[in-house]
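S.K.: Pasting the sequence and the predicted model now:
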Amino acid sequence: MKKYVLGIESSCDETAVSVVSDDKKILSNVVYSQIKEHKDFGGVVPEIAARSHLDSISWVIKQAMLEANITFKDLSAVAGVSGPGLIGGLLVGMQSAKAIAFANDIPFIAINHLEAHALTARLTNDVSFPFLLLLVSGGHTQILQVNGVGDYKVIGKTLDDAVGEAFDKTAKILNIGYPGGPELEKRAKLGNPNNIKLPSPMVGKQNCDFSFSGLKTRVRHLYDENKNNIDQEYINDMCASFQVAVAKSINNRLEKSFKIFRKNKENKKYDFVIAGGVASNLYLRDEIKKLCEKNNFEFNAPPVNLCTDNGVMIAWAGVENLKVNNFSSFDMPANPRWNLEELKNEK
Ligand code: KG4
Ligand code: ZN
């Protein structure tokens, strides 16, 4: 019999709920974005986010159930984001998931937000374990070997800013609107990267780590130096150059990680997955795809609307955990800092 899982996401500034079935059907996908509420502040304000999640969670759940056209009694489990993220939002989503599960006498599954990003491509594409993962979001930038549900090994990570954070901060310096990542990508399409030279961080370094704060600072210095001659063309060129520098840095790090991943493995074509909000950047996707093809990795990326935060990824991570009987207790606390390698010890 088909199994249905309700998934609730509320770790940052999206209140999102979805129903997904174990045969990979998305029955509903409702996302309420708080962008307008945070715009004036140029970033997510935790207190506003928490209150907004509380205001919206009930109608978003109701809408997701209506669109899925099933009742709570038809669910096999309820999956709720439980970390990492902003504690106020996490509590709203996680407690709602627990309440529905408890009231209907079905299992509750606490979902790690990063695992949900990581597994989305197994819903939308044909991806098998083990695979190499580039996780690029607003709060995280990591390269991981994914051996199975709950089984992650970090190969490289950022030493300072996450890629999404670098996009957002750079966009703020250039004054091109909020949220920064998508705006910067739009501007980059109009600019010429050859007009401004920016360094590609970490290129040539032995490990697989990232660093983006220096790149952002370079943009700030150039912007300040040229303050009196800045026009829209200059801004567009800067965006194009920033994006090229980021792509080169990522690809250099990935090339190193390919070798580490392949160590002790035969030379077959393994899956590569890009996930997280920044994975919706089409320029980066394209550049990374070319690199994968050259290195005998199968490139996989979820559709753009499933890269940024959504309820589908939480519901699907619920399905994946349900399949391996990984349920959570009702006294499980929310965990604002919950890294993927910890999941293995919790089983
Ligand atoms: O995964 P996500 O929705 O939330 C977190 O878990 O952090 O990622 C949000 C991040 C933001 O930093 C946003 O600017 C970035 O993803 N982002 C992009 C693009 N769309 C979203 N960055 C670059 N290009 C994009 N098109
Ligand atoms: Zn996310």
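M.R.: Perfect, I can see it now. Quick caveat: nothing in here was measured; it's all calculated off a predicted structure. Ligands and ions are numbered 1, 2, ... in the order given.

S.K.: Now Lys169: which helix or strand?
M.R.: Using DSSP states H and E, Lys169 maps to helix 163-173.

S.K.: Show me what that helix is packed up against.
M.R.: helix 180-190, helix 213-225, helix 232-262 (3 or more CB pairs under 8 Å, 6 or more residues apart in numbering; DSSP states H and E). C-betas here are computed from N, CA, C, even on glycine.

S.K.: Check which residues of that helix are buried.
M.R.: Going by neighbour count (16 or more other CB atoms under 10 Å), the buried part of helix 163-173 is Val163, Gly164, Glu165, Ala166, Phe167, Asp168, Lys169, Thr170, Ala171, Lys172, Ile173.

S.K.: Closest one of those to ligand 2?
M.R.: Among the buried residues of helix 163-173, Gly164 lies closest to ligand 2 (CB to the ion), at 8.6 Å.

S.K.: how close does the closest one get to Asp23?
M.R.: 32 Å (CB to CB, to the nearest Å).

S.K.: since we're on the closest residue to ligand 2 within the stretch 1-150 of the chain, how many residues are nearby?
M.R.: Per CB to the ion, Ser137 is where the stretch 1-150 of the chain lies closest to ligand 2, at 4.4 Å. Look at Ser137: counted by other CB atoms under 10 Å, it has 24 neighbours.

S.K.: Let me see the backbone angles for it.
M.R.: phi -130, psi -170 (degrees, to the nearest 10).

S.K.: Assess the claim that it and Gly276 are in contact.
M.R.: Yes - at 3.4 Å, Ser137 counts as touching Gly276 under the criterion of CB atoms under 8 Å.

S.K.: Name the residues contacting each of those two.
M.R.: Common contacts of Ser137 and Gly276 (CB atoms under 8 Å, 6 or more residues apart in numbering): His117, Gly164.

S.K.: Now do the same contact list for the residue nearest the centre of the chain.
M.R.: Most central in the chain under CA atoms, centre = their mean is Gly276, positioned 2.1 Å from the mean C-alpha point. Neighbouring residues of Gly276 by CB under 8 Å, 6+ apart: His117, Leu135, Val136, Ser137, His140, Gly164, Cys307.

S.K.: And the pLDDT at it?
M.R.: You'll see Gly276 listed with a pLDDT of 98.

S.K.: So what touches stretch 186-197?
M.R.: Contacts for stretch 186-197 (CB under 8 Å, 6+ apart): 174, 176, 222, 233-244, 283.

S.K.: filter these to the buried ones?
M.R.: Buried among the contacts of stretch 186-197 (16+ other CB under 10 Å): 174, 176, 222, 234-244.

S.K.: Export those to a markdown table and append columns for pLDDT.
M.R.: Listed next are those as a markdown table, based on pLDDT from 0 to 100:
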| residue | pLDDT |
| --- | --- |
| Leu174 | 97 |
| Ile176 | 96 |
| Leu222 | 97 |
| Tyr234 | 97 |
| Ile235 | 98 |
| Asn236 | 98 |
| Asp237 | 98 |
| Met238 | 98 |
| Cys239 | 98 |
| Ala240 | 98 |
| Ser241 | 98 |
| Phe242 | 98 |
| Gln243 | 98 |
| Val244 | 98 |
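
S.K.: Could you dump those residues into CSV and include distance to ligand 2?
M.R.: Shown next, in CSV, are those (distance: CB to the ion, whole Å):
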residue, distance to ligand 2
Leu174, 24
Ile176, 22
Leu222, 30
Tyr234, 32
Ile235, 27
Asn236, 28
Asp237, 30
Met238, 26
Cys239, 23
Ala240, 26
Ser241, 26
Phe242, 21
Gln243, 20
Val244, 25
